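Undergrad: Sequence and predicted model, in that order:
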Amino acid sequence: MVQASFFWYGSWADGCILKDVFPSLFFICEQKNQCVNRFRFPSNLDAHQLGWNFHLPLSLSNFNPSKAQELHLFLSRFWLDESGVDQLIWTASPGATFSVADAINILVQSSGLPPPVWPKIIWGNNVPFKIMVFHWLAIKQCIPVRDILASRSILPPNVSTLCVFCMTDIETIDHLLIHCKWSSSILSDLFRWWNIRWIIPRSIVDFSFDWFYGMGIKASKFWKLIGPATMWAIWMARNDFIFNGKFTCRSIIVRNIKLKVFLWASSLKLVHGLQAYVWDQNPFLFCQ
């Protein structure tokens, strides 16, 4: 504990920075950049009790004795373990283990804003991690579609920014994943599969809220898988067409989405006993 923590600059004393709490003593101290062990010595009265030498000039040692006494009193509350190893401890979590979730909760509570929903919608979803990351990048408008590549001067001037499927609108993230006639026809097939009439959402953010909160309690557990699987399938089909010149027809993509979601649902114990062809024909049987 005492080997690497700076006496004046470190936060070893209950989180306090001593140079800020006792500025007058810090100003006259002759060893400002030393560690804690250079300031203490064992007491003759108690092996666990420490004495302190603040390295004040002899001519000034009695200049402000009350401040020195105040610092002695303040430090008398601490017991230093000389056998331990210096380490930073996260005091906001049980077990002193740092977690991103606890850090986010502290920031949210201090800001007075409502808790963010994305950790639940994206990172709490039961899909492969790479699809979670893709979903997050889509929400943040960071997927490398042609519009974004052109804005960063990455896309060559001779390459069009139009959508590779419809060739009528600029390829933005929302257009590619939702608004393109080709993409919306895939989504329409999936909604029709569930006997749902839908209105094309404004953005991928709205679409994410729709499939997470707007499908009913029994169906939502499947749509939480269908939504990300559909976005990923459209993105992979787009890349396959651009880089390999291979166009995948809509019916094959829809079939693959259904099969992929069925396999995910099976691993999550959301489906039992029925075969994949039953899932393809009547998914409501799995919502009983």
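TA: Done, it's in. Residues are numbered from 1 along each chain as shown.

Undergrad: List the contacts of W182.
TA: W182 is in contact with 165-166, 250, counting by C-beta atoms under 8 Å, 6 or more residues apart in numbering. Placement of C-beta: from N, CA and C, glycine included.

Undergrad: Just give me the closest of the residues you listed to C287.
TA: Within those, the smallest distance to C287 is 25.3 Å, found for R250 (C-beta to C-beta).

Undergrad: Show the subsequent helix or strand relative to the helix or strand F209 falls within.
TA: In the assignment (DSSP states H and E), F209 maps to helix 204-213. Once the chain leaves helix 204-213, the next helix or strand it forms, by DSSP H and E, is helix 217-244.

Undergrad: Quick check: buried residues in that following helix?
TA: By 16 or more other C-beta atoms under 10 Å, the buried positions in helix 217-244 come out as 219-235, 237-238.

Undergrad: ok, back up a step: by neighbours, which of the contacts of W182 wins?
TA: When neighbours are taken as other C-beta atoms under 10 Å, the top entry among those is F165 (20 neighbours).

Undergrad: Would you mind splitting this structure into its domains for me?
TA: The record's domain parsing of the chain by automatic domain parsing lists 1-88, 125-287.

Undergrad: Show the end-to-end separation of the last one, please.
TA: Spelled out, that is domain 125-287. End-to-end distance for domain 125-287: 18 Å, by C-alpha to C-alpha, to the nearest Å.

Undergrad: so G51 sits in a strand?
TA: Yes. Applying DSSP: H, G, I helix; E, B strand; the rest coil, one finds G51 inside a strand.

Undergrad: Which parts of the protein are strands?
TA: Ranges of strands in the chain, per DSSP state E, are 40-42, 50-52.

Undergrad: For the ones you listed, which has the smallest mean pLDDT value?
TA: Out of the strands of the chain, strand 40-42 stands lowest, with a mean of 65 (criterion: mean pLDDT).

Undergrad: And F262, what's its pLDDT?
TA: F262 carries a pLDDT score of 92 in this model.

Undergrad: need the contact list for it.
TA: 271, 276, 279.

Undergrad: between those residues, which is nearest N256?
TA: Distance to N256 across the contacts of F262 (C-beta to C-beta) is lowest for A276, with 11.9 Å.

Undergrad: For that closest one, grab the count of nearby residues.
TA: A276, neighbours per other C-beta under 10 Å, totals 13.

Undergrad: Without its sequence neighbours, what residue ends up closest to it?
TA: F262 (5.2 Å; C-beta to C-beta, 6 or more residues apart in numbering).

Undergrad: distance of the one you found from L225?
TA: If you measure F262 against L225 using C-beta to C-beta, to the nearest Å, the figure is 9 Å.
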